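Colleague: okay, here's the prediction I keep looking at, along with the sequence it came from:
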Amino acid sequence: MPCVTHDDAPLLADLMPWSVAPPRLGRGWPAGPDAASLKARWAALVKAEGPDREALFQPTRSRTLHTAVGRLPGGSGGTERLSRATGPCPDPVRVLYAPFDEQWLIPDHRLIDTARPELWRVWDEQQVFAVETPTDSPGPVLLATSLLPLLRPGPVRPLYRRPGGAEPNLAPGLLEHLAELHGREVTALDVLAWIVAVVRPTPRGLAVPLTGDDDAWARGVEVGRRMLWLMRRDGERPKLPGGRRPYVRAPLPSRPLTVRYDHDEEALFLDEGRISPVPPEAWDFELGGIRVLEQWFTARTAPAEPGTLSAIRPATWPQSWTSELLELITVLALLAELRPQQAALTVPGPVTATALHKAGILPPAPSTRRPASVLDAHEEGPEGQLALI
């Protein structure tokens with residue numbers, strides 16, 4: 001964490017005022033690491049009838065086969081009750097299911113107990129979601145993703161309050177204040193980069209030390225931009241330098257059941273399959289007290305209850321999972337390499353919460369803590385009716 005000597009740093013909750021609790025699925029089968037399996041699960045659901053369909057669906061108090069809900073913003077799911085559904089599966093979308101674990105989700109409101117439509121309304125190619133993580137264990141306290149985050153417990157803070165990168169979710173006046181201090185344009189993404197690089201847990205909540213020093217600001221934004229790129233994994237794919245890139249040295253089995261790491265060999269073993277070199281920093285990378293690589297592997301290999309939709313999964317280990325694993329190892333290793341640069345960041349000339357109060361930037365207006373009105377497109381309500389939002 002950055003070296004900070006004052007306790008008057010503004011809180012993340014004030015700098016990014018609008019937050020949303022993460023979506024809650026209520027059942028595991030609409031999400032998974034393989035899109036084809038999700039379509040097969042949907043096909044099995046609509047093929048079943050009566051009590052069999054109900055058992056496969058796994059109803060809760062929030063969702064049954066007879067629940068009437070509208071379509072998700074921007075989604076393609078139907079709006080008739082699931083008890084009568086016969087159509088094709090909505091195309092699965094990529095989501096961040098767990099820390100650094102990109103999976104797929106059937107984007108159908110009828111399958112999700114608490115979908116948080118306000119997040120779906122602002123989700124597009126320019127959006128970045130900042131997700132708070134547990135602060136009582138090693139690892140980043142804030143993750144950033146371009147995908148819809150399903151991580152719990154959250155909360156989720158979108159960088160923009162409207163689609164198209166419009167209306168940054170920042171305390172009004174903050175961008176202008178920072179631009180004046182540093183004598184240069186400051187963008188919303190610059191501020192998020194700085195936040196990701198320096199945010200730290202305190203008894204008051206997550207705090208974000210700000211600086212009026214130009215050089216310190218530039219260094220922090222540079223480190224944060226690198227972290228954002230690695231966490232979001234969009235654009236050019238990250239690579240370790242030659243000689244340090246992980247490769248499959250012994251073929252992975254068709255259905256690996258165990259994963260282990262050999263620190264001496266810097267090798268990751270999936271049963272008898274071998275990937276190396278794997279830096280120990282990647283294997284030891286934890287979030288919430290859980291090794292990220294172990295959690296990723298378990299999500300793809302843990303046995304499912306026979307007869308459930310979750311049991312519909314690839315019969316063998318797909319090649320795409322191997323590619324994803326190699327990239328994940330790379331991302332974790334490169335993020336770990338940034339920790340010394342993070343620790344070396346300093347905050348001279350601090351811009352305190354008190355100073356932001358005097359400037360009229362804090363506290364943010366109550367309206368900034370609520371969703372913006374996003375009415376650019378009609379949304380279909382239950383049974384095809386026009387939704388009133």
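Modeller: Received, thanks. Residues are numbered from 1 along each chain as shown.
Colleague: how about stretch 182-197: buried residues?
Modeller: Buried positions in stretch 182-197, judged by neighbour count with 16 or more other Cβ atoms under 10 Å: 182, 186, 188, 189, 190, 191, 192, 193, 194, 195, 196, 197. C-betas here are computed from N, CA, C, even on glycine.
Colleague: so what secondary structure elements neighbour the host helix or strand of residue 118?
Modeller: Applying DSSP states H and E as the criterion places residue 118 in helix 117-121. Judged by 3 or more Cβ pairs under 8 Å, 6 or more residues apart in numbering; DSSP states H and E, helix 117-121 is in contact with no other helix or strand.
Colleague: tell me which helix or strand comes right after it.
Modeller: Counting by DSSP H and E, the next helix or strand C-terminal to helix 117-121 is strand 129-132.
Colleague: leaving out sequence neighbours, find the closest residue to residue 190.
Modeller: Nearest non-adjacent residue to residue 190, counting by Cβ to Cβ, 6 or more residues apart in numbering: residue 221, 5.2 Å away.
Colleague: before we go further, that neighbour is sitting in a helix, right?
Modeller: Yes: assigned with DSSP: H, G, I helix; E, B strand; the rest coil, residue 221 falls within a helix.
Colleague: tell me how far it lies from residue 13.
Modeller: Separation of residue 221 from residue 13 (Cβ to Cβ, to the nearest Å): 21 Å.
Colleague: would you point out which residue is most central in the chain?
Modeller: The centroid of the chain falls nearest to residue 149 when counting by Cα atoms, centre = their mean (3.8 Å).
Colleague: let me see the contact set for residue 90.
Modeller: Counting by Cβ atoms under 8 Å, 6 or more residues apart in numbering, residue 90 makes contact with 75, 76, 77, 78, 106, 107, 108.
Colleague: of those, buried ones?
Modeller: Members of the contacts of residue 90 classed as buried by 16+ other Cβ under 10 Å are 75, 77, 78, 106, 107, 108.
Colleague: who are the packing partners of the helix or strand where residue 201 lies?
Modeller: In this structure, residue 201 sits in strand 200-202 according to DSSP H and E. Contact here means 3+ Cβ pairs under 8 Å, 6+ apart; on that basis strand 200-202 packs against strand 205-207.
Colleague: any idea how far residue 57 is from the residue in the chain sticking out farthest from the centre?
Modeller: In the chain, the residue that sits farthest from the middle, by Cα atoms, centre = their mean, is residue 50; the gap is 36.2 Å. Remark: distance between residue 50 and residue 57 (Cβ to Cβ) = 11 Å.
Colleague: then residue 308?
Modeller: Residue 308 is 10 Å from residue 57, by Cβ to Cβ.
Colleague: what does residue 86 give?
Modeller: For residue 86, the distance to residue 57 - Cβ to Cβ - is 14 Å.
Colleague: just residue 231 next, same as before
Modeller: 34 Å.
Colleague: contacting residues for the nearest residue to residue 48 once chain neighbours are set aside?
Modeller: Leaving aside its sequence neighbours, residue 48 sits nearest to residue 56 (Cβ to Cβ, 6+ apart; 5.5 Å). By Cβ under 8 Å, 6+ apart, residue 56 lies in contact with 44, 45, 48, 308, 309.
Colleague: mark which of the residues you listed are buried, thanks.
Modeller: Using 16+ other Cβ under 10 Å, the buried members of the contacts of residue 56 are 44, 45, 308, 309.
Colleague: contacts for the helix holding residue 118 next, please.
Modeller: With Cβ under 8 Å, 6+ apart, helix 117-121 has contacts from 20, 23, 72-75, 109, 129, 148, 156, 158, 163, 371, 374.
Colleague: which parts of this structure are helices?
Modeller: Using DSSP state H, the helices of the chain run over 12-15, 35-47, 50-57, 117-121, 174-182, 188-198, 214-232, 280-283, 292-301, 319-337, 339-344, 353-358.
Colleague: list the helices and strands the first one packs on?
Modeller: Packed against helix 12-15, as judged by 3+ Cβ pairs under 8 Å, 6+ apart, are the following elements: helix 188-198, strand 205-207.
Colleague: let me see the domain layout of the chain.
Modeller: What automatic domain parsing lists as the domains of the chain is 12-237+344-384, 247-304+315-329.
Colleague: any idea of the mean pLDDT in the last one?
Modeller: Spelled out, that is domain 247-304+315-329. Mean pLDDT, computed over domain 247-304+315-329, is 97.
Colleague: tell me, how many residues neighbour residue 42?
Modeller: Using other Cβ atoms under 10 Å, residue 42 is surrounded by 23 other residues.
Colleague: from what I can see it touches residue 106, true?
Modeller: Yes: judged on Cβ atoms under 8 Å, residue 42 makes contact with residue 106 at a distance of 6.2 Å.
Colleague: look up how far residue 10 lies from the residue nearest to the centre of the chain.
Modeller: Residue 149 is 23 Å from residue 10, by Cβ to Cβ.
Colleague: contact partners for the spatially closest residue to residue 253 that is not a sequence neighbour?
Modeller: Nearest non-adjacent residue to residue 253, counting by Cβ to Cβ, 6+ apart: residue 271, 4.8 Å away. Applying Cβ under 8 Å, 6+ apart, we find residue 271 in contact with 252, 253, 256, 257, 258.
Colleague: do you know how far the second one is from residue 331?
Modeller: Right, residue 253. 24 Å.
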